[in-house]
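1. predicted structure and sequence below. I'll ask about it afterward.
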Amino acid sequence: MPSHLRTSEPRAHDLQTELRQRGLPLVLGARDRLSGLVPRCAPALFAALIVFLGINLMAEGLQEVTDEGPLPTSDTEALAVGAGMLVLAFFPVGWWLLHVILRHTPDVVGSVLGVALVVALLGLPLLDTGDLKVRFSDGVIVVALILLATYWGVGDVTSWASRRAARELSHLGSMVGRVLPILMLALLFSFFNAEIWQVVAQLSMGRTWAVVGVMCALGIALATLNAKDEISDIIRTYDAREGGRDLRPLERANITVMCVSISLIQVTLLAVVVFVFYVVFGVLPVSPVTATQWIGSPPIQFGGIFANLPVTQPLVQVCLVLSAFSALNFIVSIGTDATYRTTFLEPALDEVRRGLEVRDECTALVSAGGQDGSTPHEDRAPQPRA
């Protein structure tokens, strides 16, 4: 495997783009990740600039806010705060729009725009140094983080995960039809168990989220183990076919993250469906009187904008715990049940195999091109497989 993919051939460039789109940016070498870094950073830089502008607008409206007057005191200040909130809400749209536009423009446009955005991010805080506004150091930190994250492919993996989540949504009905009936039979007994209501009712929402977080951490660990075992078999076969040339650690890590992410996207969608189902279902049979009998005191009601919802805090807490448990159970089933493995894990493994094929083709083009004329032996890509 070459330390970097040095080529300007259109086909190789297309393959590098495909690797990024497949969530495998670390399969590319350091020089290829540095190449075109500024244009690829432009959408994120634009989003950061929108956030900075929104913060500045809100700061203008909140300059005179004190403890005695927690709200803007004039129409101009209220307008500034409202405009700032709208600008902040627009930043994901701006990110996506610029990303789409730059895909259809020459790289030089992205480079010029990226440099201009860096200058704007660093220069905007210098226009006004009010206490509530962003500072120059904030701009430096944000620019550095965006460049570093883009170099390590965080944006590519995030974009791929978003597209994958949208694709999994189209298969959600099939997944729910296979998994949900079995889970419902197991979870219904827990849902109508007074003991779980008593335990959960004693927890604050913060502690409930901590319990859910522990289950999520266990789920990620199990999903990683499931994927690692299968990926190791694929890589051993792949290395044997390629004359024993091992993949670099970064490539192995990237492939594992991609495979685990697919499983986690599926699990997250399932957990959301389970949570929504039990919240809606629980409103019917679990009345406040029933909940009072189970937990020994009237259930806590939500306040604020959620005060009029027909759900109580214990109901939401129980549904959160059950949905996290269902997600953990689903991950265990993927690792132990052959049917689940074939249905839910094999598509992820197929993407790994296809990614390795794209990687082979790209490195083969580099090897055939020999553009640097002095590629060392260990940098030479293996010949394409028959």
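-> Structure's in. What do you need?

2. where does pLDDT dip in the chain?
-> 1-9, 60-78, 80-81, 126-134, 175, 239-246, 304, 366-386 (pLDDT under 70).

3. center of it - which residue?
-> In the chain, the centroid-proximal residue (CA atoms, centre = their mean) is Thr158; its distance is 5.0 Å.

4. from Thr224, how far out is it?
-> 19 Å (CB to CB, to the nearest Å). To be clear about C-beta, it is placed using only N, CA and C from the backbone, and glycine gets the same treatment.

5. same question, Val109
-> In terms of CB to CB, Val109 sits 40 Å off from Thr224.

6. got it, and Leu284?
-> Leu284 is 38 Å from Thr224, by CB to CB.

7. looking at Val109 and Thr224, which is more packed in?
-> Thr224 (18 against 14; other CB atoms under 10 Å).

8. please name the residues that touch the nearest residue to that one once chain neighbours are set aside.
-> Using CB to CB, 6 or more residues apart in numbering and skipping the chain neighbours, the partner closest in space to Thr224 is Val260 (5.3 Å). Residues counted as contacts of Val260 (CB atoms under 8 Å, 6 or more residues apart in numbering) are 220, 223-224, 227.

9. can you pull out the helices in the stretch 101-250 of the chain?
-> 107-127, 136-151, 154-170, 172-191, 194-201, 205-241, 249-283 (DSSP state H, counting those that start in this stretch).

10. out of the ones you listed, deepest packed?
-> Of all the helices of the stretch 101-250 of the chain, helix 249-283 has the most neighbours on average by mean count of other CB atoms under 10 Å, namely a mean of 19.

11. ok, then the element right after that one?
-> The first helix or strand that comes after helix 249-283 along the chain, using DSSP states H and E, is helix 288-295.

12. quick one: the next helix or strand after that following helix to helix 194-201, angle?
-> The helix or strand immediately downstream of helix 288-295 is helix 313-336, counting by DSSP H and E. Relative orientation of helix 313-336 versus helix 194-201 (axes from the mean of the first three to the mean of the last three CA atoms, to 10 degrees): 110 degrees.

13. which parts of helix 313-336 are buried?
-> 313-335 (16 or more other CB atoms under 10 Å).

14. which neighbouring elements make contact with it?
-> The contact analysis (3 or more CB pairs under 8 Å, 6 or more residues apart in numbering; DSSP states H and E) places helix 313-336 against helix 172-191, helix 194-201, helix 205-241, helix 249-283, helix 288-295, helix 338-340.

15. list the contacts of Asp19.
-> You called it Asp, but residue 19 is Leu. Going by CB under 8 Å, 6+ apart, Leu19 touches 25, 27-28, 355, 358-359, 362.

16. try it again at 10 Å.
-> 5, 25-28, 32, 153, 156, 254, 355, 358-359, 362 (CB atoms under 10 Å, 6 or more residues apart in numbering).

17. do Arg103 as well
-> 17, 43, 110.

18. ok, the first one - how many residues close by?
-> Pointing back at Thr17 there. Neighbours of Thr17 using other CB under 10 Å come to 12.

19. just the angle between the helix or strand hosting it and helix 154-170, please?
-> In this assignment (DSSP H and E), Thr17 forms part of helix 10-21. Between helix 10-21 and helix 154-170, the angle comes out at 70 degrees (the same axes, to 10 degrees).

20. quick one: buried residues of helix 10-21?
-> So, applying 16+ other CB under 10 Å, buried residues of helix 10-21: 12-13, 15-16, 18-20.

21. and those residues, which two are furthest apart?
-> Ala12 and Arg20 (13.0 Å; CB to CB).

22. shared neighbours, the two?
-> Jointly contacting Ala12 and Arg20 under the rule CB under 10 Å, 6+ apart are Asp32.

23. how near is Leu37 to Thr292?
-> The value you get for Leu37 to Thr292, if CB to CB is used, is 60 Å.

24. what's the answer for Asp32, then?
-> In terms of CB to CB, Asp32 sits 63 Å off from Thr292.

25. quick one, which of those two is more surrounded?
-> Neighbours were counted for Asp32 and for Thr292 using other CB under 10 Å; Asp32 has more, 22 against 14.
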